[in-house]
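S.K.: Sequence plus the predicted model coming up.
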Amino acid sequence: MARALYIHWPFCLAKCPYCDFNSHVRDRVDHAAWEATLLADMRYEAELAGGELLESIFFGGGTPSLMPPTLVARLLDEAERLWGFADAIEITLEGNPSSVEAANYAALASAGINRASLGLQAFDNETLRFLGRLHDAQEGLAALDVAQRHFGRVSFDLIYARPGQDAQAWETELRRALGLGTSHLSLYQLTIEPGTRFATMVRQGDFAPLDEDTCADLFALTRELTAGAGMPAYEVSNHARLGEESRHNLAYWRYQDYVGIGPGAHGRRGGAATVRHRKPENWLEAVTAQRHGIADERRLDPGEQASEALLMGLRLAEGVSLPALASRFRLPEAALCDVRKLEFYAGQGLAWRDGKHIGVTEAGMPLLDALLGELVPAGLLAV
């Protein structure tokens, strides 16, 4: 069933003010207890979602580059025993580009990590301080260099559309990023998420987010420059050279089954959605008591699955195949898309249709959320 495995490590050295991920700061982590509990959570899922070789594993967080390499190796050994690994499996680990974590890269590569995703976020110290990052610009670039020497594939993140940022400043920064030799970039507009420290700061008037028109201009500039450098967008915020796309993230966007273990991890297997307990201590207690950390498991009806598959798949430049979705979820093709609206937006240059394959155009991507609300029928969930 499952061909992808997600492992969540929830701990960070500090909480970034823009972050709404399930991350926690703790003075001490009992690595032996975490190893035993992660292994138990993994074994439970393998009993229910085994049978196919894993094609990708992703260590996310939190800051999984803080994990002891011996723990990473133990988890990978068990995953291979439980599922088996496909040829050329992609095994990604997220990390912050600090000198402390970079010192672990050689050991992490020896443990089996073959792809690194680094949270550089910016190239100047003033911006890094604003974003709450613990590394400075020089340290980040040095860590990137170490990563490129130890891992076969490397990606890094940048955050743009920051307060006061103009097109010239972002073009300079992005051209520098494109010249650093990685095959994948994740480029995210700064979003003020509810419940974060940035949300409080905006409410208190400490800073103002960029206006929507400027953000749209920076988004268009991003797409233009990355495409010109041979790293076009294959998803809203992700850019790669041909063949270097994140196979693990493609499993999400193509709505394939995946196992998620660790605090707050989501998973999808056999038509059911799973969510683990979010707080680390609650997750540990749950696995001890019931062999798994699941807080909620819900069966999805075919209409809901098809709706989610459309919402995810239309984020991709490749779009979605209506016949494939209709066959998979045993629904009529006519129920999957409002054809009249699709034709209208195609006429506006915002969507495209190639036979039974549909997608959102470059011009439509800045308006993706609104287009999804128009193209995915509201009644689909009730089918």
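M.R.: Happy to help now that I have it. Residues are numbered from 1 along each chain as shown.
S.K.: residues in contact with residue 376?
M.R.: Counting by Cβ atoms under 8 Å, 6 or more residues apart in numbering, residue 376 makes contact with 307, 310-311, 314, 337-338. Using the backbone N, CA and C atoms, a C-beta is placed for each residue, glycine as well.
S.K.: how far away is residue 297 from residue 306?
M.R.: Going from residue 297 to residue 306 by Cβ to Cβ, to the nearest Å gives 20 Å.
S.K.: Compare these two and say which is more crowded by neighbours.
M.R.: Legend: neighbour count by other Cβ atoms under 10 Å for residue 297 and residue 306, higher for residue 306 (27 against 12).
S.K.: Now the two most distant members of the contacts of residue 376.
M.R.: Largest separation among the contacts of residue 376 by Cβ to Cβ: 311 and 338, giving 14.0 Å.
S.K.: which residues of this structure fall in strands?
M.R.: Counting by DSSP state E, residue ranges of the strands within the chain are 4-9, 54-61, 85-95, 115-121, 153-160, 184-189, 238-240, 259-261, 266-269, 272-276, 294-299, 320-321, 351-354, 357-360.
S.K.: next one: the last one to chain centre, how far?
M.R.: Looking back up the chat, that one is strand 357-360. Computed by Cα atoms, centre = their mean, to the nearest Å, the separation of strand 357-360 from the middle of its chain amounts to 22 Å.
S.K.: Could you list the paired strands of it along with their orientation?
M.R.: Partner strands and pairing direction for strand 357-360 (DSSP bridges) are strand 320-321 (antiparallel), strand 351-354 (antiparallel).
S.K.: What confidence value was assigned to the closest residue to residue 195 other than its chain neighbours?
M.R.: Distances taken as Cβ to Cβ, 6 or more residues apart in numbering place residue 20 nearest to residue 195, at 6.2 Å, with adjacent residues excluded. Residue 20 is assigned 84 on the pLDDT scale.
S.K.: count of residues packed around residue 337?
M.R.: Counted by other Cβ under 10 Å, the residues lying close to residue 337 total 22.
S.K.: Quickly list the domain ranges of the protein.
M.R.: The chain breaks down into these domains under automatic domain parsing: 4-253, 302-382.
S.K.: For the protein, give me the ranges with low pLDDT.
M.R.: Counting by pLDDT under 70, the ranges of the chain that qualify are 1-2, 378-383.
S.K.: Nothing else from me, thank you.
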